[in-house]
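A.B. asks: Could you look at this predicted model? Sequence included:
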Amino acid sequence: MELWLLNRFPTGLLTVLVVGGFVALAVAGSLLSYRRYPALAAGEHNEMVGVVLSMFSAIYGIILAFVIVNLWTQLEGTEAVVATEATSISQIVRDARAFPPEHQAAVDAAVGTYVHAVVEQQWPLMREGRGDFARTAERMEDVYAALRAFEPQTQTEQVFYQKAVDSLNDAVAQRRARIADSRLSLPPLLWLLVIGGALVILPLTFVYGIRDRRMRLLFVGSVAGLIGFSLLLVLVLDRPFAGDLCVSPQPFKQSTLAKFW
């Protein structure tokens, strides 16, 4: 459900659906509560409700802050992984310029096939949370094969060959981290806590007595809007390769790798 929403609706529409939905739910709940129990407007239990609401809001705010910061850090880490892998692949192409033309062409061909496989075949799967190691495994082996086929003859060739091999090994490690990150998601228990907390706090705002109807709806709507926006952040940050706010494959099309496109 989460991936379906992120990949089929723009962030703007999701904002309207999530934030607007929570505000509408809160306003409707408040109106129904006061219609069913008119005595709530007197605020007879405001002292107790206020204490409970403050305590729950503080705990819930800490949980939300922890989740959002953790997800944002995860997104930034995944972006760094993708950039590092693309940089390592670019470095292989640069180092191969020290090779004889036929071997340089072989390395370029293998790298070009690999970056196309990453962007065109593997990336759509990662957007769906189904990163597949096997999808680019053969293309990566082709890069290894192109390097193994070359025997350095000079000191210069030996230096650049070793750097190319080191860069390839780094790229393999980052590739594994990238695919693993595409499968990450918030544990169900945390999702339950995040959504459950919202469903506990919102009804508490309904029973907080405010005689002025406009002020009451403003109070309830503001709390609901804040909670809805926080839940929206959790939703869009949870999957690093899905939605509008996601990790881009652009590093595989830039710098030295641009010539393959």
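C.D. replies: That came in fine, so what should we check first? Values in this document were obtained by computation on a predicted structure and should not be read as measured data.

A.B. asks: Report the buried residues of the one helix or strand Leu190 maps to.
C.D. replies: Taking DSSP states H and E as the definition, one finds Leu190 inside helix 188-206. Using 16 or more other CB atoms under 10 Å as the test for burial, helix 188-206 gives Leu190, Trp191, Leu193, Val194, Gly197, Ala198, Ile201, Leu202, Leu204, Thr205, Phe206. For every residue, glycine as well, the C-beta is placed using N, CA and C.

A.B. asks: swap in stretch 214-231?
C.D. replies: For stretch 214-231, by 16+ other CB under 10 Å, it's Arg216, Leu217, Phe219, Val220, Gly221, Val223, Ala224, Leu226, Ile227, Gly228, Ser230, Leu231.

A.B. asks: Isn't the fourth one up against Thr205?
C.D. replies: Looking back up the chat, that one is Val220. Yes: the pair Val220 / Thr205 is scored as a contact, 4.7 Å apart, by CB atoms under 8 Å.

A.B. asks: How about residues contacting stretch 70-85?
C.D. replies: Here stretch 70-85 makes contact (CB atoms under 8 Å, 6 or more residues apart in numbering) with 170-171, 174-175, 177-178, 181, 184, 186, 233-234, 237-238, 240-241, 245, 247-249, 251-252.

A.B. asks: So which of those belong to strands?
C.D. replies: Using DSSP state E, no member of those falls within strands.

A.B. asks: Using PyMOL, define a selection of the buried residues within these.
C.D. replies: PyMOL command restricting these to the buried ones, with burial defined by 16+ other CB under 10 Å:
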select buried, resi 170+171+174+175+177+178+181+186+233+234+237+238+240+241+247+249+251+252
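
A.B. asks: burial count for Leu125?
C.D. replies: 15 (other CB atoms under 10 Å).

A.B. asks: Might you report the residue contacts of the residue lying closest to it once chain neighbours are set aside?
C.D. replies: Leaving aside its chain neighbours, Leu125 sits nearest to Asp132 (5.4 Å; criterion: CB to CB, 6 or more residues apart in numbering). Asp132 makes contact with Gln122, Leu125, Ile179, according to CB under 8 Å, 6+ apart.

A.B. asks: Looks like Pro240 contacts Arg183 (just checking).
C.D. replies: No: the criterion here is CB under 8 Å, and Pro240 misses it with Arg183 at 10.1 Å.

A.B. asks: can you list the weak-confidence ranges in the stretch 101-250 of the chain?
C.D. replies: For the stretch 101-250 of the chain, no stretch is flagged by pLDDT under 70.

A.B. asks: For it, which segments are assigned as helices?
C.D. replies: 101-117, 123-127, 134-148, 155-181, 188-206, 213-238 (DSSP state H, counting those that start in this stretch).

A.B. asks: Next, the angle helix 101-117 makes with the fourth one.
C.D. replies: In terms of direction (axes from the mean of the first three to the mean of the last three CA atoms, to 10 degrees), helix 155-181 departs from helix 101-117 by 10 degrees.
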